[in-house]
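> from the sequence below, what's the structure:
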Amino acid sequence: MKRRKLSCVWLAAAVLFLAGCSSQEEKGMAQVSVITSASEESTSETETENCEETSQAEVTAETETSEVSAALTGPPAIVLTDPLSSAMSSFEVSSGNYSWTMWNDSEAGVDSTVLACGSHPLDGAMEKAEMLDVPSYQKMEKTLYWISCPVLPDRYTLTEWDRDQIGNPEAEPVSESEYETGEMWEAEMEPDKVYRISAVWEESKAQERGFSGEAEYAVLTE
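Residues are numbered from 1 along each chain as shown. Modelled structure (predicted):
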């Protein structure tokens with residue numbers, strides 16, 4: 001009888017032990033499952049973030065490319081900067097007279113040409129134009145200005161008239177000089193003058209640049 005009782009006790013203990021092991025194994029499996037699920041979610045989030053970053057980079061690159069292309073569809077605005085000014089003051093001018101050709105890689109070669117015919121620099125409407133304030137520096141008859149734009153022209157002509165000739169487009173210029181642009185684009189100016197800057201982007205470089213053309217910029221000084 002004692003042996004049977006002991007056997008029953010040992011049997012019951014064994015059953016409880018096995019049940020406990022089984023329960024721990026299930027818990028372990030559940031923990032592994034939770035960890036695996038969390039890992040998969042983390043991986044998914046990382047992949048999503050990477051995709052979003054890649055997409056943003058592609059959009060930025062496309063935007064920059066679009067902006068560059070848009071800037072070449074017409075003559076660029078030019079900026080005149082006074083290098084002697086403590087504030088490096090600048091003055092922006094857009095072209096009203098130009099002939100601009102866009103080139104591509106097709107067999108035809110020429111994509112499109114745009115012409116714009118604005119008023120003469122001495123037209124009466126020039127009186128209402130914004131004026132460039134030319135400072136007077138000691139022992140300097142003229143003030144040097146740096147001229148900048150996205151793509152420098154190959155050459156330019158600077159024509160000068162007295163300001164009191166506005167309204168007389170037939171007036172003879174005080175001076176007219178042609179320059180090669182080189183690495184720097186600059187011009188000397190005086191107060192109370194009207195200037196025409198005629199810039200040329202050579203056709204011989206059209207295949208390299210994707211464009212060519214001529215543009216005129218009028219500047220009224222005070």
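> would you put the C-alpha positions of the longest strand seen in the chain in CSV?
In the chain, taking DSSP state E as the definition, the longest strand is strand 211-221. Taking C-alpha atoms only, strand 211-221 is exported to CSV below (Å, rounded to 0.1, in the frame of the first residue of the first chain):
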residue,chain,number,x,y,z
PHE,A,211,21.6,77.6,-75.7
SER,A,212,22.9,80.7,-77.5
GLY,A,213,21.7,84.3,-77.9
GLU,A,214,22.1,88.0,-77.6
ALA,A,215,20.5,90.2,-74.9
GLU,A,216,20.4,93.9,-74.1
TYR,A,217,20.2,95.4,-70.6
ALA,A,218,19.5,99.1,-69.9
VAL,A,219,20.8,100.9,-66.8
LEU,A,220,19.9,104.4,-65.7
THR,A,221,22.3,105.9,-63.1
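> name the helices or strands packed onto it?
strand 90-93, strand 97-103, strand 131-132, strand 193-201 (3 or more CB pairs under 8 Å, 6 or more residues apart in numbering; DSSP states H and E). All C-beta spots, glycine's among them, are computed from the backbone N, C-alpha and C.
> out of the ones you listed, which comes closest to V151?
Across the helices and strands packed on strand 211-221, V151 has its closest neighbour in strand 193-201 (6.9 Å, CB to CB).
> quick one: contacts of that closest one?
75, 78, 93, 121-122, 126, 147, 151, 153-163, 165-166, 174, 187, 189, 209, 211-221 (CB atoms under 8 Å, 6 or more residues apart in numbering).
> so where's the chain uncertain?
1-72, 105-110 (pLDDT under 70).
> how about the helices in it?
2-71, 206-209 (DSSP state H).
> you'd agree S89 is up against L80?
No: applying CB atoms under 8 Å as the test, S89 and L80 come out as separate, 9.1 Å apart.
> who has more neighbours out of these two?
The neighbour comparison of S89 against L80 (other CB atoms under 10 Å) goes to L80, with 23 against 15.
> run through the bridge partners of the more buried one.
For L80, the beta-bridge partners are F91, I147 (DSSP bridges).
> that one: what's it in contact with?
90-93, 132, 145-147, 187, 219.
> in a markdown table, list those residues along with distance to T181 and neighbour count.
Below are the contacts of L80 laid out as a markdown table (distance: CB to CB, whole Å; neighbours: other CB atoms under 10 Å):
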| residue | distance to T181 | neighbour count |
| --- | --- | --- |
| S90 | 19 | 13 |
| F91 | 19 | 18 |
| E92 | 18 | 12 |
| V93 | 16 | 20 |
| L132 | 20 | 20 |
| Y145 | 14 | 24 |
| W146 | 12 | 15 |
| I147 | 9 | 22 |
| A187 | 11 | 19 |
| V219 | 17 | 25 |
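> distance to L115 added to these, as TSV?
Putting the contacts of L80 into TSV (distance: CB to CB, whole Å) gives the following:
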residue	distance to L115
S90	29
F91	26
E92	23
V93	19
L132	27
Y145	28
W146	29
I147	23
A187	25
V219	22
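> which two among the residues you listed are spaced furthest apart?
Maximum distance among the contacts of L80 (CB to CB): 14.8 Å, for E92 and A187.
> between its first and last residues, how far does stretch 184-199 reach?
Terminal residues of stretch 184-199 are spaced 13 Å apart (CA to CA, to the nearest Å).
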